[in-house]
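In: Would you be able to build a 3D model of this:
(2 chains)
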Amino acid sequence: MSLIVKKGLLWAGLGLGAWASLSFSQPRSPTVGRMSADTIYGLGRPATAERIKAWDSAIRPDGKGLPLGSGTAVKGAVLYAERCSACHGKTGVEGPNDRLVVSDTSKTKGIGNYWPYATTLFDYIRRAMPFNAPGSLTDAEVYSLTAFLLEKNQRIQPGFVLDAQTLPRVAMPAKANYILDDRSGGPIIR
Amino acid sequence: MKVLPGEKPVVLEQKVSRRSLLGGAATAAIVLAQAPFGKAVQAALSEKEWKTDPTKVPGVPPGTVGTRSPFEKPVKKPSDISSRTPLQNLYGTITPSDLHFERNHNGVPAIDPAQHELLIHGLVEKPLVLTLADLKRYPSVTRICFLECSGNFRSGNPKLSPQDICGLTSQSEWTGVMLSTLFREVGVKPQAQWFLAEGSDAAKMTRSIPLAKGWSDAMIVYAPKRRGHSPRAGISVSVVSAGLRGKHECQMASATGTFRRTLYDPRGNVQVYRTGERRQDPLFQFRH
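Out: Now for the predicted structure:
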């Protein structure tokens, strides 16, 4: 105890009074209570707008976050052959890696029969693909690849121009298969 | 033999085995280096050299890092995307860190701890960038958490080992800062309902987690390093939250946290995808 008090005094002496309070208000276990609600440590540095813009790439289902630019399935077909077909097959069916094109109601999960939102395609391709060079595609290229895959899954026509306005409006039939979590049993189950 | 600057090798330009050091003829295996403070240190020892009466020969000197006994050979079982813990070889409750299961979405990222930062932004009063050193200055919490990957279970073959069946299962003691501490620090706005944890791996893997879960028991952990002894792992921070599946443990450094109303449903509700019959397997009950 004397050690803690000494630390508290030392911190106070250094003008770090806020630190002293944490010696005494630290919770005993992560599930029991919180520290006092007004405990602010003032660590870190403010995130600049530039920094947030550089890292904030997530696209929401409603299309929020989609960048400028546009693409078509025709342009996407060329890109797909170059950058994607080695893993996903010539038409998105053959593999060897994940099958992308499934537009029937078979149990095989693909974009056309499993994905509830078309916007997620843009997010995922830009975030993680191509597998051997993630982050190397321009936004226009991502729009074109997204258009190509939506066209192959029979969600849009070949000439459809995909951009921040049109992509969120592409309907995905699998959305109807998503239900609210209706399991009972409390938080341990849900 | 690797001799660090400032060290002198026991025998110059030549690997020295414990046997040869004692006048034996065995081939080289142990590597001894003369540390600056004048003590020889152990680097490795072969099984062959252990196969002798330990009461008749001097043991090896103390080492700089622990090495596994050559008699102990538990190994993970890797696939292209994951690596399973050898449950059948373990006792007790804590998984050795170098045997903790792995699930990578595009390899193990090389993370420099000096460059590793956590960005928290979105529906917050004060967007913040926190370095790893910053995170370690917060009051730390340590707890033991069991972690299971959502793709764990395998069946259908009576010859499967525990490692094959559910080796994507491990338990560690985790140390870090409560996410609620950071939530207060940035001032999460009352309308926020979910947060998005994003990794700094090559898949920039993201997972949405209910904000209430983050307030209740989630942690940003910085220890132990998930793959313990592996130099590949670098250092990273992760989100750990009890009751969520392993897929929610953003295993590769949650580099950004984003607070949004929701990612999955504009109404902020939880959705489950249902195909055909629902699974009743208790292993799969934690869903979002």
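In: Show me the strands in chain A, by range?
Out: A:45-46, A:70-71, A:162-163, A:178-180 (DSSP state E).
In: what's the offset of the longest one from the middle of its chain?
Out: Centre-to-centre, strand A:178-180 and its host chain are 20 Å apart (Cα atoms, centre = their mean, to the nearest Å).
In: do stretch A:127-138 as well
Out: 14 Å.
In: Can you list the buried residues in it?
Out: Residues of stretch A:127-138 classed as buried by neighbour count (16 or more other Cβ atoms under 10 Å in any protein chain shown): A:127-131, A:134, A:137. C-betas here are computed from N, CA, C, even on glycine.
In: Compute the first-to-last residue distance for it.
Out: End-to-end distance for stretch A:127-138, by Cα to Cα, to the nearest Å: 11 Å.
In: Identify all contacting residues around that stretch.
Out: Residues from elsewhere that reach stretch A:127-138 (Cβ atoms under 8 Å, 6 or more residues apart in numbering or on different chains): A:57, A:69, A:79, A:83-84, A:87, A:97, A:125-126, A:145, B:105-106, B:202-206.
In: So for that stretch, mean pLDDT?
Out: When pLDDT is averaged over stretch A:127-138, the result is 96.
In: Could you list the low-pLDDT ranges of chain A?
Out: Within chain A, the segments meeting pLDDT under 70 span A:1-38, A:181, A:185-190.
In: State the distance from the closest residue to residue B:204 other than its chain neighbours to residue A:77.
Out: Computed as Cβ to Cβ, 6 or more residues apart in numbering or on different chains, the closest residue to residue B:204 that is not its neighbour in sequence is residue A:127, at 4.7 Å. As for residue A:127, its distance to residue A:77 is 22 Å (criterion: Cβ to Cβ, to the nearest Å).
In: who are the neighbours in contact with residue B:214?
Out: Residue B:214 neighbours (Cβ under 8 Å, 6+ apart): B:179-180, B:183, B:195, B:241.
In: Assign it to one of the three secondary structure states.
Out: helix (DSSP: H, G, I helix; E, B strand; the rest coil).
In: Distance of it relative to residue A:52?
Out: Per Cβ to Cβ, residue B:214 is found 19 Å from residue A:52.
In: Ok, residue A:114 next?
Out: From residue A:114 to residue A:52 the distance is 32 Å (Cβ to Cβ).
In: got it, and residue A:83?
Out: To residue A:52, residue A:83 is 29 Å away according to Cβ to Cβ.
In: Kindly report the same for residue B:119.
Out: From residue B:119 to residue A:52 the distance is 7 Å (Cβ to Cβ).
In: so what sits against both of the two?
Out: Common contacts of residue B:119 and residue A:52, defined by Cβ under 8 Å, 6+ apart, comprise residue B:127.
In: Can you get me a residue count around residue 88?
Out: Reading this off chain A. Residues lying near residue A:88 (other Cβ atoms under 10 Å in any protein chain shown) number 23.
In: Chain B was what I was after
Out: So residue B:88, with other Cβ under 10 Å, has 12 neighbours.
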